[in-house]
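Participant: Return a 3D structure for these sequence lines:
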Amino acid sequence: MTTRVLWLVKGLGPGGAEQLLVNQAQATDRGALEVEAAYLVPWKNHLVPRLEEQGVAVTCLDSSRDWDLRWAWRLRRRLREHPVDVIHNHSPLVASVTRLLVRTLPRRERPALVYTEHNRWPRHNRLTRLVNRLTYRLDDAQLCVSEDVRETIPPELQPRVRVLVHGVDVDAIRAQRASRDDVRRELGISPTEIVVGIVANFRREKAYEVWLDAAAEALRSPVPLRFVSVGQGPLEEEMRTRLASMALGERVTILGYRDDAVRVMSGFDIFTLTSRHEGLPVALMDALALGLPVVATAVGGIPQAITDGVEGRLVSPDDPQALAAAYVEVASDPQRLAGMAAAAAERGRSFGMERPARELGALYESLAASRRR
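Facilitator: Down below sits the predicted model:
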């Protein structure tokens, strides 16, 4: 019997948690699972076409504000008309409301509930943390993306939470390495320049101002560095204005949103993240799969993926001088750069999505079977 699953998320913009759904769709066993997705915020729809290309039907529940709960009644009507066996929530507030909502359904129609925590618990606002905590035990299964994220969950709720690194399509990502020369030509990057690239949305926690300050500091060295950013978000214009005031010329480029971010990454020599907070970034797994040395802040799940001095360098957050020194250190030594690249490629093999997809599919089927009994 096919297990019917509904993925539920706040938005389908170009974020890490959202990208994991696309990856999951690629690896899903369609013979055993029938998967649909629903999201709330209409304008966060960047990844809808990519899910639909994978055969996942997508519905917008049309909620423009966090506490506009009319989406819940649309979801309830949908569940009455098209029942599912499992709802997998990927946003804390959405999950909290859904936990209560399904209790209003007739018992025989209630789906099992799975929740994945993508961010460190303190990252959510106080009210979201409260309602999440009060309803948390109503889930049938709970996952998180890294051990660090698990450790931030209140201790009394941790025992049922299992770490599951969802993974990326390593083979498809590595195939993008063939685009390296084309990407560098398109961006006007010379063969001698060493590109330090970041892929992250323009939000406070990504600390783009620290990245710009670190770039400015590193560009004072004789190493032929070039800095490139891929991403979008509410602080993009602010950072563009800041960059314009720094007189760094063409040596720092903000590309904005790209739907071919991994292809663009193939033109990098070093990948960086300057984050203040993280779960386990999908872009970091992409970078490792590409075999890119990493210079990043030692926050969240990043140290779970990177060993300082092996696949790259880890520094403290909000320290542009330390970041700049690490960029120059790695870029100025071709032997070190090549060694870290090889280690990154080897580490990237461990982030394949096939095994976690099988585990998640088995979990869905087990929960669905329990509900049918």
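Participant: mind listing the strands for the stretch 201-350 of the chain?
Facilitator: Assigned by DSSP state E, counting those that start in this stretch, the stretch 201-350 of the chain shows strands spanning 225-230, 252-254, 270-273, 294-297, 312-315.
Participant: could you redo those as JSON lines and give each row mean pLDDT?
Facilitator: JSON lines is the format used below for those (pLDDT from 0 to 100):
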{"stretch": "strand 225-230", "mean pLDDT": "98"}
{"stretch": "strand 252-254", "mean pLDDT": "97"}
{"stretch": "strand 270-273", "mean pLDDT": "98"}
{"stretch": "strand 294-297", "mean pLDDT": "98"}
{"stretch": "strand 312-315", "mean pLDDT": "98"}
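Participant: Let me know which of the ones you listed is the nearest to His166.
Facilitator: Closest to His166 of the strands of the stretch 201-350 of the chain is strand 270-273 (C-beta to C-beta; 18.0 Å). Heads up, the C-betas are built off the backbone N, CA and C, glycines and all.
Participant: Might one say that His46 is in contact with Leu21?
Facilitator: No: under the criterion of C-beta atoms under 8 Å, His46 makes no contact with Leu21, lying 11.9 Å away.
Participant: Which one of the two is surrounded by more residues?
Facilitator: Ranked by neighbour count (other C-beta atoms under 10 Å), His46 and Leu21 place Leu21 first, with 24 against 17.
Participant: need the contact list for that one.
Facilitator: Trp7, Val9, Leu12, Ala37, Leu47, Leu51, His90 (C-beta atoms under 8 Å, 6 or more residues apart in numbering).
Participant: 7 Å instead, please
Facilitator: Contacts for Leu21 were tallied using C-beta atoms under 7 Å, 6 or more residues apart in numbering; they are Trp7, Val9, Ala37, Leu51.
Participant: Let me see the backbone angles for His46.
Facilitator: phi -60, psi -40 (degrees, to the nearest 10).
Participant: Wait, it touches Gln19, no?
Facilitator: No: with contact defined as C-beta atoms under 7 Å, His46 does not count as touching Gln19 (9.8 Å).
Participant: So Ile87: helix, strand or coil?
Facilitator: Here Ile87 is recorded as strand under DSSP: H, G, I helix; E, B strand; the rest coil.
Participant: Now do the same contact list for it.
Facilitator: So Ile87 contacts Leu6, Leu8, Thr98, Pro111, Leu113 (C-beta under 7 Å, 6+ apart).
Participant: helix, strand or coil for the second one?
Facilitator: Reduced to three states with three-state DSSP, the structure at Leu8 is strand.
Participant: Next secondary structure element downstream of the lowest-mean-pLDDT helix or strand in the chain?
Facilitator: When each helix and strand of the chain is scored by mean pLDDT, DSSP states H and E, helix 16-27 comes last, with a mean of 84. Next helix or strand after helix 16-27 toward the C-terminus (DSSP states H and E): strand 33-39.
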